[in-house]
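Student: From the sequence below, what's the structure:
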Amino acid sequence: MAAELLCPYTSTENAMGSFRFWSRDKLAVTGAETVPVEGSTYTLPRRGQFWYATAPASAKAPLMTYAFDPAPQPTLPIKGSERLFPVHRIYCVGRNYAEHTKEMGGDTRDPPFFFQKNPDNVVVDGKFPYPPATKDVHFEIEMVVALKSGGKNIKAADALKHVFGYGVGIDMTRRDLQAEAKKLQRPWEVGKAFEHSAPCTALVPAQHVENPAKGAIWLDVNGERKQTGDLSQMIWDVPHQIEFLSALFELRAGDLIFTGTPSGVGAIKKGDRLKGHVAGIGDLDVVVT
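Tutor: This next block holds a predicted model:
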């Protein structure tokens, strides 16, 4: 009987990993017997090859290995929990508040449009290193929606069933590079999807957020209010964002949606201290380094 491979894992010289195992799972370790760890936590040694198997150690299957150590899974903390939220994709809706749409030269009658950041652009340490190749980095405060499930062609009436929780995020933007991309009719990745460009808070589970459709959203720079608005001012509310997105992509658990920013976006410099707030969700403090 061959072992059923559930999750191959190769440790690195400098990494340790503690994993929770579920019913009937076993951990097979190179050079050792299968370790039954049902309902317990097992800490992997510093170096070696490991795999989960539902069969005895005598039925070891070949271990899948990588050409190099894979990058860590991007995650967000969850308020009130030791668990982590694994980030799959990051979608951002553009120009979703009327006044911001006007200040960026858009038309509020346009349908929503989206761009993406990379999952590993998320940071939670409160630091934003000023990025290279730009002299004009802007802040955009946003409410972040985190999905626990997904699908295709989700109806707005069913959309909130897929929401795990909410957070506060800042869409950091290399505005000069974005402007150049717009002028040349090129994609926006160089302006939006760079390292550390998505500072975010821990997620608040949806059952603890009373009304994610209404409430103050604002951002201060060095104690001075720069952006202010209300979640009710979104042109496309969260259910309709999910409906629209799911017609374009198959949404999945782990997806984040940055839901748009109110007017007042502006430039930052090294040493600036940013404080963002979304009512009922929390505060985000970021220092530009």
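Student: Return the residues in contact with residue 119.
Tutor: 74, 87-90 (Cβ atoms under 8 Å, 6 or more residues apart in numbering). Every residue, glycine included, has its C-beta placed from N, CA and C.
Student: Leaving out chain neighbours, which residue sits closest to residue 76?
Tutor: Nearest residue to residue 76 in three dimensions, chain neighbours excluded: residue 85, at 4.5 Å (Cβ to Cβ, 6 or more residues apart in numbering).
Student: How about the secondary structure of that neighbour?
Tutor: strand (DSSP: H, G, I helix; E, B strand; the rest coil).
Student: Which pLDDT value goes with it?
Tutor: For residue 85, the pLDDT comes out at 97.
Student: close enough to count as contact, it and residue 74?
Tutor: No: contact between residue 85 and residue 74 fails when scored by Cβ atoms under 8 Å: they sit 9.5 Å apart.
Student: Please say which of the two ends up with more neighbours.
Tutor: residue 85 (24 against 20; other Cβ atoms under 10 Å).
Student: how close does the more buried one get to residue 190?
Tutor: The gap separating residue 85 from residue 190 is 27 Å, by Cβ to Cβ, to the nearest Å.
Student: tell me which strands and helices the helix or strand containing residue 92 is in contact with?
Tutor: Secondary structure from DSSP states H and E places residue 92 in strand 90-94. Using 3 or more Cβ pairs under 8 Å, 6 or more residues apart in numbering; DSSP states H and E, the elements in contact with strand 90-94 are strand 113-117, strand 256-258.
Student: The shortest one pairs with which strands, and in what direction?
Tutor: Paired strands of strand 256-258, with direction, are strand 90-94 (parallel), strand 141-147 (antiparallel) (DSSP bridges).
Student: gap between the last one and the chain center?
Tutor: In other words, strand 141-147. Chain-centre distance of strand 141-147: 8 Å, with Cα atoms, centre = their mean, to the nearest Å.
Student: who's in contact with the residue nearest to residue 76?
Tutor: Applying Cβ under 8 Å, 6+ apart, the residues near residue 85 are 75-78, 146, 164-165, 203, 254.
Student: Report the separation between it and residue 172.
Tutor: When residue 85 is compared with residue 172 (using Cβ to Cβ), they lie 20 Å apart.
Student: repeat for residue 79
Tutor: Residue 79 is 23 Å from residue 172, where distance means Cβ to Cβ.
Student: Of these two, which one has the most company?
Tutor: Remark: of residue 79 and residue 172, residue 172 carries more neighbours, 28 against 14, as counted by other Cβ under 10 Å.
Student: pLDDT wise, what is that one at?
Tutor: For residue 172, the model assigns a pLDDT of 98.
Student: Might one say that residue 111 is in contact with residue 244?
Tutor: Yes: the pair residue 111 / residue 244 is scored as a contact, 7.5 Å apart, by Cβ under 8 Å.
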